[in-house]
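Novice: Have a look; sequence and predicted model below, questions after that.
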Amino acid sequence: MEFLRTILGHGMPVILLALACLAIGYRYYSAFLAAKVAALDDSRTTPAHTMNDGQNYHPTNKWVLFGHHFAAISGAGPLIGPVLAIQFGYLPGLIWIVVGVCLAGAVQDMLVLAASVRRNGRSLAEIARTDISPLAGGTASLAILFVVIIALAGLGVVVVKALGGEEIKLAKGTRIVLEPDARIEHREEGTRQIATVPANSRIVYASGAEVRRGESFVLVHPRRDTGPSPFTLEQQQLELNDDQYTQAIPGSSWGTFTIACTIPIALFVGLYMYKIRKGAIVEASLIGAIATLAATIAGAWIPGSSLEPYFSLSRNSTIYAICGYGFIASVLPVWMLLCPRDYLSSFLKIGTVILLIAAVVVANPKLESPMVNEIFAGGGGPYVAGGAIFPFCFICIMCGAISGFHALVSSGTTPKMIHRESDIRMIGYGAMLIEGLVGIVALIAAASLPQGDYWAINIDLAKVEKYASALEKMNAQTDNLTEIERQVGGESLRGRTGGAVTLAVGMSKIFTDAMSRFGNFAIDGAIKYWYHFAIMFEALFILTTIDTGTRIARFLLQEALARFYKPFEKTDWVPGAVLSTAVVTFGWGGLIMTGSIETIWPMFGIANQLLAVIALACVTTVAINSGRARWAALTLFPMLFVITTTSTAAYQLVTRIFWTQMREGLHNNNRLQAITGGLNALFIILMVGCVGLILLEAVYRWMKVLRQPKSVAGAAAN
């Protein structure tokens with residue numbers, strides 16, 4: 001382990017080694033898949049030519065299509081999953097990303113794309129219907145709808161944790177010990193009393209665990225009409241003698257302003273490229289990118305200004321805002337908001353990824369995280385249901401290694417634009433490798449943070465007491481958040497779980513360190529802009545997926561409802577579009593409202609990888625149906641591995657978390673808690689049931705084909 005630590009203890013050798021592995025995978029393994037498994041043949045005419053309608057079907061330059069495909073598949077998953085998986089150490093996640101993306105994720109994306117191209121651009125559900133069975137196709141449609149709703153909740157909660165303010169309940173019996181001569185300033189606001197606790201105070205929990213808070217923070221308590229103030233000190237100590245004390249975490253007005261500005265910017269870009277100067281795509285995108293960067297800089301003027309109250313949102317207000325955005329973006333014409341946002345995000349995503357890779361090479365940050373965190377390796381960590389490395393490291397990191405959501409894109413718009421079959425290799429396999437690279441740089445950024453800083457950001461304030469002893473064992477009980485909060489413009493960072501804030505802090509430090517190698521810069525002045533640029537960068541990833549995903553789910557729901565009422569099959573029928581979008585938005589918004597990053601992210605991981613199982617089952621069936629059963633193991637083994645991890649994680653999540661949540665809710669007469677636990681468990685059980693049914697149908701199909709004479713089976717080859 002020490003030998004590995006010597007080699008992989010800094011960011012530069014890790015990124016160079018990863019690049020070498022990805023290059024080998026692309027050069028040799030993807031070429032093998034193209035020649036033997038997919039049997040790509042440029043003499044075949046693609047549906048982009050045979051069905052060219054100038055709208056959905058249109059032959060596209062492979063580099064342009066590569067950018068479109070990468071923008072479509074690259075959500076926040078490869079950014080957030082590796083950050084959360086640092087709780088296990090950085091080595092398990094690093095190995096899973098490199099091996100998983102080369103042997104599973106990129107294989108799935110490429111072969112689904114090839115299968116869809118050979119079937120006139122059919123969707124994954126249609127491939128399941130025609131190649132496996134009609135029952136498998138219908139079940140796949142239902143499973144996809146579940147996956148999209150859970151995925152949107154998983155991504156939305158990340159934005160909420162990064163931007164929204166909230167109040168965290170503090171445990172009764174906790175004592176706050178002030179420095180000598182320090183005082184608590186408090187005031188009344190309506191029915192509440194608000195106090196500011198000075199910096200360097202100690203928090204002593206009822207268990208005896210103790211932490212020091214280097215920064216000041218705000219406490220809230222309902223106003224007392226009689227008796228002493230709830231913030232009365234005794235011998236420089238404040239005892240929380242009831243359970244009504246909360247700590248207020250303010251919303252990020254700078255971040256919210258910047259992200260809010262991207263919406264009118266995208267609308268302007270849409271009008272510019274489609275109405276003002278038709279076809280000026282690059283010109284409009286550059287204008288949008290410059291305007292977005294300007295909004296990031298202008299956000300520095302919001303905190304402390306008269307506009308701050310309008311952009312400093314609470315948790316619930318942030319959820320409502322995201323749901324409102326998802327609803328409106330899904331109903332509006334694609335040219336007005338969806339397409340221009342995709343163009344904007346494509347420029348920023350690819351540019352930022354290249355910039356971050358270069359910064360890692362130049363700064364060569366030391367990886368402060370342990371290679372394997374023995375404290376949480378066997379479970380008990382703050383994320384992914386407190387599970388162990390197996391199976392939850394593989395669930396926490398899905399996008400970047402393997403993502404079923406990508407199969408929807410590979411069987412959606414991309415196959416309808418493939419110019420020739422040889423382009424499938426670069427677009428399907430290559431774009432997924434780039435997403436894996438995004439995951440690796442995100443992991444490096446998080447691993448480069450001192451452990452005290454990482455855990456101070458990533459442990460919920462309500463759970464600090466629970467993990468106090470573990471932090472002492474990891475030598476992570478002290479942190480530098482006071483200094484970091486000052487450097488990033490006064491943002492509140494402690495307890496900002498969800499991964500986005502951690503990644504933004506890590507990215508800003510790497511960018512600033514890289515800049516310092518070329519001259520003397522005002523470090524404090526640079527970090528705050530890099531931090532908010534990183535927040536905006538992550539939010540663009542997420543919002544692009546939210547508007548696209550909500551629209552996909554709306555189409556799926558309308559397709560299902562059309563069986564009962566015919567007008568729903570018209571996607572431009574306004575009542576149907578509004579009703580379907582409202583149902584979908586209510587579904588993922590409700591999950592965010594009633595859940596947390598600790599429960600929603602593993603649900604997202606399980607659902608996403610169960611969809612990958614469906615995709616791998618489909619391409620395995622395509623290979624067998626096409627007379628290439630000898631190569632079926634190349635997709636069968638990744639499928640079996642993903643089945644093992646997801647089914648194990650699903651069982652543990654349902655029995656340990658959701659079943660317990662439902663029982664406690666029933667016992668305490670808390671109907672909301674009971675219903676939430678029951679519905680979450682039902683979601684997972686239905687997903688597993690759908691996938692199990694599809695697998696049974698697939699196995700039956702394989703056995704039927706393999707029992708046929710070779711001449712008969714080969715006749716079905718595509």
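Specialist: Received it, and whenever you're ready, just let me know what you need.
Novice: Pull stretch 486-501 out as PDB, backbone CA atoms only.
Specialist: This file holds the C-alpha atoms of stretch 486-501, laid out as PDB (Å, rounded to 0.1, in the frame of the first residue of the first chain):
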ATOM      1  CA  ARG A 486     -13.700  34.100   3.800                       C
ATOM      2  CA  GLN A 487     -11.800  33.200   0.600                       C
ATOM      3  CA  VAL A 488     -15.000  32.100  -1.300                       C
ATOM      4  CA  GLY A 489     -16.800  35.300  -0.500                       C
ATOM      5  CA  GLY A 490     -18.400  34.700   2.800                       C
ATOM      6  CA  GLU A 491     -20.400  31.600   1.800                       C
ATOM      7  CA  SER A 492     -21.600  29.200   4.500                       C
ATOM      8  CA  LEU A 493     -19.900  25.900   3.800                       C
ATOM      9  CA  ARG A 494     -20.200  23.800   7.000                       C
ATOM     10  CA  GLY A 495     -22.700  21.000   6.700                       C
ATOM     11  CA  ARG A 496     -23.300  21.700   2.900                       C
ATOM     12  CA  THR A 497     -23.700  18.000   2.200                       C
ATOM     13  CA  GLY A 498     -24.400  16.700  -1.300                       C
ATOM     14  CA  GLY A 499     -21.000  16.900  -2.900                       C
ATOM     15  CA  ALA A 500     -21.400  20.100  -5.000                       C
ATOM     16  CA  VAL A 501     -19.900  22.500  -2.500                       C
END
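Novice: residues in contact with stretch 22-39?
Specialist: By Cβ atoms under 8 Å, 6 or more residues apart in numbering, the list of residues contacting stretch 22-39 from outside reads 40, 98, 101-103, 106-107, 110-111, 114, 422, 424-425, 429-430, 433, 436-437, 623, 626, 628, 631, 634-635. (Glycine included, C-beta is placed from N, CA and C.)
Novice: any idea how far the lengthiest helix in the chain is from the chain center?
Specialist: Longest helix in the chain, counting residues (DSSP state H): helix 523-561. Relative to its parent chain, helix 523-561 has a centroid offset of 9 Å by Cα atoms, centre = their mean, to the nearest Å.
Novice: Could you do stretch 176-189 as well?
Specialist: So, by Cα atoms, centre = their mean, the centroid of stretch 176-189 is 39 Å from its chain's centroid.
Novice: Span of it from start to end?
Specialist: 22 Å (Cα to Cα, to the nearest Å).
Novice: Over to stretch 388-406?
Specialist: For stretch 388-406, the end-to-end distance is 26 Å (Cα to Cα).
Novice: Could you pull out the strands in this structure for me?
Specialist: Counting by DSSP state E, the chain has strands at residues 166-169, 175-177, 185-189, 192-197, 201-204, 210-213, 217-222, 237-239, 246-249.
Novice: Counting neighbours, what do you get for residue 406?
Specialist: 32 (other Cβ atoms under 10 Å).
Novice: Sorry, slip of the keys, the one I care about is residue 569.
Specialist: So residue 569, with other Cβ under 10 Å, has 13 neighbours.
Novice: Leaving out the residues flanking it, which one is nearest to it?
Specialist: Counting by Cβ to Cβ, 6 or more residues apart in numbering, residue 569 lies nearest to residue 562, which is 3.7 Å off, once chain neighbours are set aside.
Novice: Run a quick neighbour tally on the one you found.
Specialist: Other residues close to residue 562 by other Cβ under 10 Å number 16.
Novice: Correct me if wrong: it contacts residue 573.
Specialist: No: if you go by Cβ atoms under 8 Å, residue 562 and residue 573 don't touch, sitting 9.9 Å apart.
Novice: Show the contacting residues for the closest residue in space to residue 190 that isn't next to it in sequence.
Specialist: Setting aside the residues directly before and after it, residue 190 is nearest to residue 223 in space (Cβ to Cβ, 6+ apart), at 7.8 Å. By Cβ under 8 Å, 6+ apart, the contact list for residue 223 reads 188, 190-193.
Novice: returning to that earlier point: and the residue nearest to residue 569, its phi and psi?
Specialist: Backbone geometry at residue 562, expressed as degrees, to the nearest 10, gives phi -60, psi -20.
Novice: quick one, domains of the chain?
Specialist: Per automatic domain parsing, the structural domains of the chain span 2-165+329-451+536-714, 166-249, 253-311.
Novice: Most tightly packed of those domains?
Specialist: Across the domains of the chain, the average number of neighbours (mean count of other Cβ atoms under 10 Å) peaks for domain 2-165+329-451+536-714, which reaches a mean of 21.
Novice: Helices of the stretch 301-450 of the chain, start to end?
Specialist: Assigned by DSSP state H, counting those that start in this stretch, the helices in the stretch 301-450 of the chain fall at 308-311, 315-331, 338-363, 389-396, 405-410, 423-424, 431-447.
Novice: Pick out the shakiest of those helices, pLDDT-wise.
Specialist: Lowest mean pLDDT of the helices of the stretch 301-450 of the chain: helix 338-363, a mean of 80.
Novice: Much appreciated, bye for now.
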